[in-house]
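with the sequence up front, the predicted model follows.
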Amino acid sequence: MTALEALLKILGVAGAQVQNLDAVLAALVTRFPDLKADLDPIIAALSQAVTPAALASLGPTVLSEALAIALGKVNPTPHAGDAI
Amino acid sequence: MLRIVSIAVLVALGCTFLSGASLAAGAFTLAAGANGAWLQGPDAAFPQALEAGATASSSLSPHISLVGSGFYGFKENYERYSAGARVTATDVADPNFNVYLGVQYRGGSKDSVRPNEWAPDAGFGWKPNKNWPRVIVGADAGYGLQSNKVLAIVALRYVLVAK
């Protein structure tokens, strides 16, 4: 198994958890209907992020960045999700 | 609670050590917050719980971040921790919203939050109001490879340190 194949397998298992997230967010919308307008775009973004095509394009990028990090080249970028 | 704080500090120090270069450029975050947590799966000991604790993270590249957290669960009086890496799967230029995929090593003080195991996860973070740049909401779901349990959280964070 190549590094890319291993990475894509991990991303695939992680991506499958979006289904569980969708269920949680759907439960929130049911309980708090006012949140629907805010949560619908998030649910759509979750689904789009884990399509096979999206994961396939993400893999080489991540490997390239991991190699750069290993060589001591960091390029930090703030993400809201890092605090979750 | 002291142990939780200690774990959070250790995680923060670990992230700092591992990514010291990134501190100068500015993507280290220490945040406090609360979770609504749901554990689903075989022999899940609690259907839901309220948690309080802290997270620490450090971005190393546009897509890759190291993360860690420690939380106290009020219903079962457990302590839960996790540490791992995440990959941003949406536009990395948007600091206010991202979807991520990752893998974390998670564990805890009681059987209800054990075993200690690896757990691939997915989630998102969102800054809902530009007037409150330190407030982040989000959600995460992780699948324990050993226990086959899914831990899902809905999270509220207040960023204490962002360098």
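Arrived safely. On a predicted model such as this, the values are computed, not experimentally measured, just so you know.

quick one: distance of the helix ranked longest in chain A to the chain centre.
Longest helix in chain A by number of residues, with DSSP state H as the criterion: helix A:52-70. Using C-alpha atoms, centre = their mean, to the nearest Å, the mean C-alpha position of helix A:52-70 is found 13 Å from that of the whole chain.

which parts of it are buried?
Within helix A:52-70, the residues that qualify as buried by neighbour count (16 or more other C-beta atoms under 10 Å in any protein chain shown) are A:54-55, A:58-59, A:62, A:65-66, A:69. C-beta coordinates here come from the backbone N, C-alpha and C atoms, glycine included.

do stretch B:118-126 as well
Of all the residues in stretch B:118-126, those buried under the rule 16+ other C-beta under 10 Å are B:119-126.

can I get the CA coordinates of that stretch in PDB?
Extracted in PDB, the C-alpha atoms of stretch B:118-126 (Å, rounded to 0.1, in the frame of the first residue of the first chain):
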ATOM      1  CA  TRP B 118      -7.600   5.700  17.400                       C
ATOM      2  CA  ALA B 119     -10.600   7.300  15.900                       C
ATOM      3  CA  PRO B 120     -11.000   8.900  12.400                       C
ATOM      4  CA  ASP B 121     -13.200  11.900  12.700                       C
ATOM      5  CA  ALA B 122     -14.900  14.600  10.600                       C
ATOM      6  CA  GLY B 123     -16.200  17.900  11.700                       C
ATOM      7  CA  PHE B 124     -16.500  21.600  11.100                       C
ATOM      8  CA  GLY B 125     -15.800  24.900  12.700                       C
ATOM      9  CA  TRP B 126     -17.700  28.200  12.100                       C
END
